[in-house]
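J.: pasting the sequence and the predicted model now:
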Amino acid sequence: MTNPPPPPPPGSGDPTQAIPTGGYPPAGGYQAPPGATPPPTGGYPPAGGYQQPPGGYGPPTGGYGGPPGAPQGGGKGGMSTGAIIAIAAIVVVAVIAAGVGIVLVTRGGDDDSASDRTTTEATTTEDDGTTTTEDDDTSTTEDDDDGTTTTEDDGPTPSGDEPTVDGSSISGGTVDASGPVQHDISVPEGVTAQITVTPDSPDFDVVLEGDGTTIDDGFAGDPEVATVEGPRSFTVEVSGFLDATGGYTIEIEEA
């Protein structure tokens, strides 16, 4: 005769349920022994660890961010379009400034040589290739922008070989009630000079006297002319016919 099976645990409801090995856990579950680490919140992971959901985990919302200061978009950091345009503008300005400097230096060299003083023969070169040479004592040479060289004559330089009246080639005066006006005449050796006295008014009749000779060939307003051979130095007087008064000009030149 066999013994009947033990009764089922309270609340089982299944009389065929076998009793687990070691018996049932105490009410409230097993307690950790003293000094043991308590289980983590939510309990221990199942055997074999947590399983990845089908399809894997997706990226976080907004994507993975790079380190602070790193360029966005995953590419390498490069120079912006604005920086490239600024550098190109600086290069263009530098090239233009260099060109202007060269032009100014070139123009300055041309201006420095535009006017030269010379005491030798002056040469004028025209655009057609013709060259003209003038022999002047003193001249001014200027270079025009079109390449033409222009020479201006400053006039002859007086020398001791020319006749003079009062130390020059021309003089003048006014005959009034005080009497005749005197002028110093000098004619170098080997030179024949012509003295001409011209009244300023057509109503004035001049008279020329000098070196023992009186010349009154013309009428009122007419010039009086005398010829003298050098070497001579003397004084001439200019007066008016019948005590007439008025102004005049006296010139001397080689005859």
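T.: Here it is on my side, so go on.

J.: the domain parsing of this structure - what is it?
T.: 112-153, 164-254 (automatic domain parsing).

J.: hey, least reliable of these by pLDDT?
T.: Sorting these by mean pLDDT places domain 112-153 lowest, at a mean of 52.

J.: element containing residue 102, please.
T.: Applying DSSP states H and E as the criterion places residue 102 in helix 81-112.

J.: residue 188 contacts residue 164, correct?
T.: No. At 9.1 Å, residue 188 does not count as touching residue 164 under the criterion of Cβ atoms under 8 Å. No exception for glycine: its C-beta is placed from N, CA and C like everyone else's.

J.: between these two, point out the one with more neighbours.
T.: Using other Cβ atoms under 10 Å as the criterion, residue 188 and residue 164 rank with residue 164 on top: 20 against 17.

J.: in the sheet, who's paired with the more buried one?
T.: Beta-bridge partners recorded for residue 164 (DSSP bridges): residue 186.

J.: wait, it sits on residue 251?
T.: No. Look at residue 164 against residue 251 with Cβ under 8 Å: they stay out of range, at 10.7 Å.

J.: show the contacting residues for residue 185.
T.: The contact partners of residue 185, by Cβ atoms under 8 Å, 6 or more residues apart in numbering, come to 163-165, 193, 195, 210, 228, 232-236, 252.

J.: who wins on neighbours among those residues?
T.: residue 252 (25 neighbours).

J.: what about it, which SS state?
T.: strand (DSSP: H, G, I helix; E, B strand; the rest coil).

J.: partners of it in the sheet?
T.: residue 195.

J.: now the closest residue to residue 215 other than its chain neighbours: how far from residue 214?
T.: Leaving out its chain neighbours, the residue that sits closest to residue 215 by Cβ to Cβ, 6 or more residues apart in numbering is residue 208, at 4.4 Å. As judged by Cβ to Cβ, to the nearest Å, residue 208 and residue 214 stand 7 Å apart.
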